[in-house]
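**Student:** Give me the fold of what follows.
(one chain, ligands or ions: 2)
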Amino acid sequence: MAVGQLILPAHCAACGAPSPPDRRWPLCEVCGRAMADLLTRPYCPLCGRHAGPHTSGPDGCLFCREYPVLFDGAVRTGPYEGALRTLILRCKHEPRVGLGQVLGRLLADRLALVDWADRIDCIVPVPLHWGRRIRRGFNQASVMAGELVRAAPACRGVAARALVRTRPTPHQTNLPASRRRRNVRGAFRARRGADLQGRTVLLVDDVMTSGETIGECTRTLKKAGAAEVYVAVAATADFDEPGPW
Ligand SMILES: [Zn+2]
Ligand SMILES: [Zn+2]
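**Tutor:** Ligands and ions are numbered 1, 2, ... in the order given. The predicted structure is shown next:
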């Protein structure tokens, strides 16, 4: 696929209803309104989780002050619900590049608003294990990363292969909090020769739930020399037990 080429669906990317072609987003009237509402929900600028206007500040929210995150800041499109959740699930179940591009473009708009966006010089998608990538055809996070470049003016490109997933890991959502950390510990490594020294990296994924996967990727990137790691996710989801990261 050529860089910058957009394959936008002719139907609503969330519910599949016909969508007028002149709209900014390929979403129908109903889903477009629902998405606009989700974009306004406040979140913590440090950990990316839901936060009320008075429960978070530049030094984080009640949650991440108790369980500090390893990354340096986060941006998200919205909470994992409604039209956004439907769009993310469609991306997983009918993997089409165009749907991932819609997710990436929604997130790029949000990224352009944060004050650290112009410091990003390298974008790294959370990798899939190769077995899963072959079954799916491509990595959704890589497609999203490609759309984020335009919102990061100093970025020299997507380092799609900087991180390697060394073993397949069961889906985090099916595991109790106590096992999530063990599940991902050591599951990633930086590729030999990946130029991460002193870099300000943007780590990209579709959904952040417990944060263990993002946390382990951050640890790996910093161990490989990254100076700062910021996180961009399409959605953050609530999870049952907020165990330490
Ligand atoms: Zn719709
Ligand atoms: Zn927070």
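**Student:** What residues does the protein have near ligand 1?
**Tutor:** C12, A14, C15, A17, C28, C31 (Cβ under 5 Å from the ion). Every C-beta, even on glycine, is put in place using the N, C-alpha and C of the backbone.
**Student:** Chain neighbours aside, what residue packs nearest to the fifth one?
**Tutor:** With Cβ to Cβ, 6 or more residues apart in numbering as the measure, C12 is the residue that lies nearest to C28, at 3.9 Å, once sequence neighbours are left out.
**Student:** repeat for the third one
**Tutor:** Closest residue to C15 apart from its sequence neighbours, by Cβ to Cβ, 6+ apart: C31 at 5.5 Å.
**Student:** Report pLDDT for the one you found.
**Tutor:** In the predicted model, C31 carries a pLDDT score of 92.
**Student:** ditto for T173
**Tutor:** The per-residue pLDDT reported for T173 equals 61.
**Student:** what do you get for R181?
**Tutor:** At R181, the model reports a pLDDT of 69.
**Student:** How about G193?
**Tutor:** 88.
**Student:** Repeat that for L27.
**Tutor:** At L27, the model reports a pLDDT of 89.
**Student:** and what of T218?
**Tutor:** For T218, pLDDT reads 97.
**Student:** swap in A108?
**Tutor:** For A108, the model assigns a pLDDT of 96.
**Student:** Distance of it relative to ligand 2?
**Tutor:** 22 Å (Cβ to the ion, to the nearest Å).
**Student:** Distance check, that residue against ligand 1.
**Tutor:** For A108, the distance to ligand 1 equals 21 Å [Cβ to the ion].
**Student:** ok, for that residue, nearest residue in space, not its chain neighbours?
**Tutor:** That would be A151: by Cβ to Cβ, 6+ apart, it lies 4.2 Å from A108.
**Student:** rewinding a little: I'd like the distance from the residue nearest to C28 to V102, if you could.
**Tutor:** Separation of C12 from V102 (Cβ to Cβ, to the nearest Å) stands at 10 Å.
**Student:** repeat for G82
**Tutor:** 15 Å.
**Student:** returning to what we had before: narrow the residues of the chain next to ligand 1 to those that are buried.
**Tutor:** In the residues of the chain next to ligand 1, burial by neighbour count holds for C12, A14, C15, C28, C31, counting by 16 or more other Cβ atoms under 10 Å.
**Student:** Fine by me, thanks again.
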